[in-house]
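*Asks:* Dropping a prediction and its sequence here:
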Amino acid sequence: MSTARNGSLVPFLSGRSYWWYLLPGAALLTLIILVPLGWNIFLSFTDYRGIVAPRFTGLDNWIALAGDERFWLSFRNSVAMILAMVIAPTALGLVIAAALFDVVGRKFGGRLASFLRATYYLPQILPSVIAAIVIGWILRPENGALNTILEAVGLGQLAGNWLGSPDTALGSMMVVLVWIQIGYPVVIFMAALQRVDPELYEAAEIDGAGWFRRFAAITMPMIRPEMFVVALTCTIAALKVFGPVYALTGGGPNFATIVPSYYSYSQFFQSQQVGYGAAIATALTVVIMIVSVVFVWAQNRAEKKETER
Amino acid sequence: MSATTAIVTGSPERRNRKRRTVSDWIVLAGVIALAIVVVFPFLVILINAFKSPEDYATGGPLQLPASIYLDGIAAFWERVNFPEKLWNSFFISGVVAVLAVVVSVLNAYAIGIGRVRGRIPLILVFLLANMLPQEVLLYPLYTIFRSIGLYDSVWSVIITFVVIQSAFGTYLLASVFGTFPKEIIEAAALDGAGRWRTLWQVIVPVSRPTLGVLMVFFFIWTWNEFLIPLTFLISNANQTVPVAISVLQGDRLMDVTTTSASALLGLLPTLIFFLIFQRTLSRGITAGAVK
């Protein structure tokens, strides 16, 4: 930690006045992130309607939160979002990336593989609200594309109000999210696969290992760092998801698709329960912190195990 | 973290393009079928944006348009004053991209090359800033911007995203700069360049490819942002493209094909960016993942 450690030929390189360069960044960070964050935590202990000054109420909001069925529902829906934005895309992405890399890339040419990769990535480039609107349009109840297709193939009785009925709204939302998310793991995993030494593969092939064995024994361990990164970033994104819920269902019908971020937003600006909304937002932040710490810890442990072997 | 700059390019072409077995063809058919499922929604939006509502009512959503009908697109274009929204999005994203890169460079210079004390906790704070759910900043920022008269001004959004994007940029660039060859910096110093000149005339030019990737990413990420623009830009004249389009969904005056046209107009700009920046993006996405 001492400055002597990076003792350099030139005296100024180990000096202290680099601090000046941090000044604008640190000032902005304090003003736009740290102060609002602290303020929001403070608001979570108050009763505040946005007009009269906040009144300190201790743990009232938090106690109310603990007994709020809707709050717990919003986090249960977050689990569904994780399923749709992390688990399904990671699993599917792994299969697609392996197929594109191993089979399409090798046997049919890298160009075709790159083209298909770009195709899968397409929904990722859109603003998530716009992506949601695209799918929402297809799912619309009167003469929507999906219902029309179902009728055309004789499955008309399955047609429904996909986003408007409480039974199917959450499932439809999940499909939207899988579609949005799938390209990300495909791109990351394909890049990761390029690191795997092909000779390792060829050796295993000569030893008679089938594709699946090679995949499990060579590929998976090699691309584990990327899997951690994808899982962590997507889990955070899934916990934060807001745009698609806003654009498609507004948390409805009857709160079937409510998520924490939308719940706090609606408390802030629709119910004017700022203190309560602040408590929800703070709780979400705490969950995200815990998830990140657990991920990083698990990753370090996995790495350690790897080097011990 | 040293591999942050690892850039993966090129195609996975190998020589063994040998015998294609039946199972290879099945796999190919599978991935193509899935790719069609992925692009299908784009195609449906595209064909229906050019239909009249009557055409839609008779032919349904899957027929090609009987004749090219541009009124839906034109109506929506006029209604939201689309050029104005495009300009707002461009202005906000462009200014954020440039300023956020400048702030990231300054921070990363102090952390990665200056190796200031306490840099590890500092990096964690920057990382935290990028990870936070924006809801946690929303009400305090709303109050701050109201009190200083920036509420409903594009500058409120610009300032906020300069900070959020540069938090990520600082984290990434700090580790890139951390591996910057010391000899070059020392040579510059021996030539009598001060720190300020070393930064702008040596380090920034050498790191230009990375800074370019960051700038493109900041631009697109900011373009795609929703919650904060939605909250802070309430008047029509200040809205961004995604906000303007989403707030009109479900409006009584939006008939079915106009809604489709609105989705098309919403996705076109990012599609164009994707085509322009395809290479940069695919390099950046993969570089960002490898810590």
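*Replies:* Okay, I see it. Residues are numbered from 1 along each chain as shown, chains lettered A, B, ... in the order given.

*Asks:* alpha carbons only for contacts and neighbour counts from here, please
*Replies:* OK.

*Asks:* Now the helix of greatest length in chain A: buried residues?
*Replies:* In chain A, with assignment by DSSP state H, the single longest helix is helix A:274-308. Within helix A:274-308, the residues scored as buried using 16 or more other C-alpha atoms under 10 Å in any protein chain shown are A:274-285, A:288-289, A:291-292, A:295, A:299.

*Asks:* Same check on stretch B:252-264?
*Replies:* Counting neighbours by 16+ other C-alpha under 10 Å, the buried set in stretch B:252-264 is B:254, B:256-264.

*Asks:* Now narrow those residues to whatever sits close to chain A.
*Replies:* B:259-260, B:263 (C-alpha under 8 Å from any C-alpha of the partner chain).

*Asks:* Where does the residue lying closest to residue A:99 once chain neighbours are set aside sit: helix, strand or coil?
*Replies:* Once flanking residues are discounted, residue A:99 sits nearest to residue B:27: 6.7 Å by C-alpha to C-alpha, 6 or more residues apart in numbering or on different chains. In three-state terms, and counting by DSSP: H, G, I helix; E, B strand; the rest coil, residue B:27 is helix.

*Asks:* list the contacts for residue B:27?
*Replies:* A:99, A:103-104 (C-alpha atoms under 8 Å, 6 or more residues apart in numbering or on different chains).

*Asks:* I'd like to know how many residues surround residue 203.
*Replies:* Defaulting to chain A. 11 (other C-alpha atoms under 10 Å in any protein chain shown).

*Asks:* That was the other one, I meant chain B.
*Replies:* Residue B:203 has 20 nearby residues by other C-alpha under 10 Å.

*Asks:* so it sits in a strand?
*Replies:* No. When classified by three-state DSSP, residue B:203 is found to be helix rather than part of a strand.

*Asks:* and it, how far is that from chain A?
*Replies:* Between residue B:203 and chain A the computed distance is 14 Å (C-alpha to the nearest C-alpha, to the nearest Å).

*Asks:* quick one: contacts for that residue?
*Replies:* Counted by C-alpha under 8 Å, 6+ apart, residue B:203 has contacts residue B:185.

*Asks:* Nearest residue to the residue of the stretch 101-250 of chain B at minimum distance from chain A in space, please, no chain neighbours.
*Replies:* The stretch 101-250 of chain B approaches chain A most closely through residue B:224 (4.2 Å), counting by C-alpha to the nearest C-alpha. Nearest residue to residue B:224, sequence neighbours excluded (C-alpha to C-alpha, 6+ apart): residue A:127, at 4.2 Å.

*Asks:* surely the one you found meets residue B:240?
*Replies:* No. Counting by C-alpha atoms under 8 Å, residue A:127 does not reach residue B:240; the two are 11.3 Å apart.

*Asks:* any residues in contact with both of these two?
*Replies:* residue B:223.

*Asks:* for residue B:166, phi and psi?
*Replies:* Here is the backbone geometry of residue B:166 (degrees, to the nearest 10): phi -70, psi -20.

*Asks:* burial measure for it, as a count.
*Replies:* The burial count for residue B:166: 31, using other C-alpha under 10 Å.

*Asks:* roughly how far apart are it and residue B:98?
*Replies:* Distance of residue B:166 to residue B:98, given as C-alpha to C-alpha, to the nearest Å: 10 Å.

*Asks:* repeat for residue A:210
*Replies:* Separation of residue A:210 from residue B:98 (C-alpha to C-alpha) stands at 50 Å.

*Asks:* List the contacts of the residue minimising distance to the centre of chain B.
*Replies:* In chain B, the C-alpha nearest the mean C-alpha coordinate belongs to residue B:220, at 1.9 Å (C-alpha atoms, centre = their mean). The contact partners of residue B:220, taken as C-alpha under 8 Å, 6+ apart, are B:93, B:270.

*Asks:* quick one: low-confidence ranges for chain A?
*Replies:* A:1-16, A:309 (pLDDT under 70).

*Asks:* repeat that for 80
*Replies:* For chain A, the stretches flagged by pLDDT under 80 are A:1-17, A:142-143, A:156-157, A:195-198, A:201, A:205, A:209-211, A:303, A:306-309.

*Asks:* can you pull out the strands in it?
*Replies:* Assigned by DSSP state E, the strands in chain A fall at A:46-47, A:55-56.

*Asks:* what would these look like in CSV with distance to residue B:92?
*Replies:* Below are those laid out as CSV (distance: least, C-alpha to C-alpha, whole Å):
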stretch, distance to residue B:92
strand A:46-47, 34
strand A:55-56, 36
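
*Asks:* Roughly how far does residue A:17 sit from chain B?
*Replies:* 8 Å.

*Asks:* Might you enumerate the residues of the stretch 51-200 of chain A proximal to chain B?
*Replies:* So the stretch 51-200 of chain A meets chain B at A:96, A:99-101, A:103-111, A:114, A:116, A:119-120, A:122-123, A:125-131, A:133-135, A:137-138, A:143-145, A:148, A:179, A:187-188, A:191, A:194 (C-alpha under 8 Å from any C-alpha).

*Asks:* in stretch A:202-218, what counts as buried?
*Replies:* Buried residues in stretch A:202-218, counting neighbours by 16+ other C-alpha under 10 Å, are found at A:204, A:214, A:218.

*Asks:* Equivalent analysis for stretch A:65-79, please.
*Replies:* For stretch A:65-79, by 16+ other C-alpha under 10 Å, it's A:65, A:70-71, A:73-79.

*Asks:* Need the max-distance pair from those.
*Replies:* Spanning the widest gap among the buried residues of stretch A:65-79 are A:65 and A:79, at 18.4 Å by C-alpha to C-alpha.

*Asks:* Contact residues of the stretch 101-250 of chain B facing chain A?
*Replies:* So the stretch 101-250 of chain B meets chain A at B:103-104, B:106-107, B:109-110, B:114, B:116-117, B:129, B:131-133, B:135-141, B:160, B:163, B:186, B:189-190, B:223-227, B:242, B:245-247, B:249 (C-alpha under 8 Å from any C-alpha).
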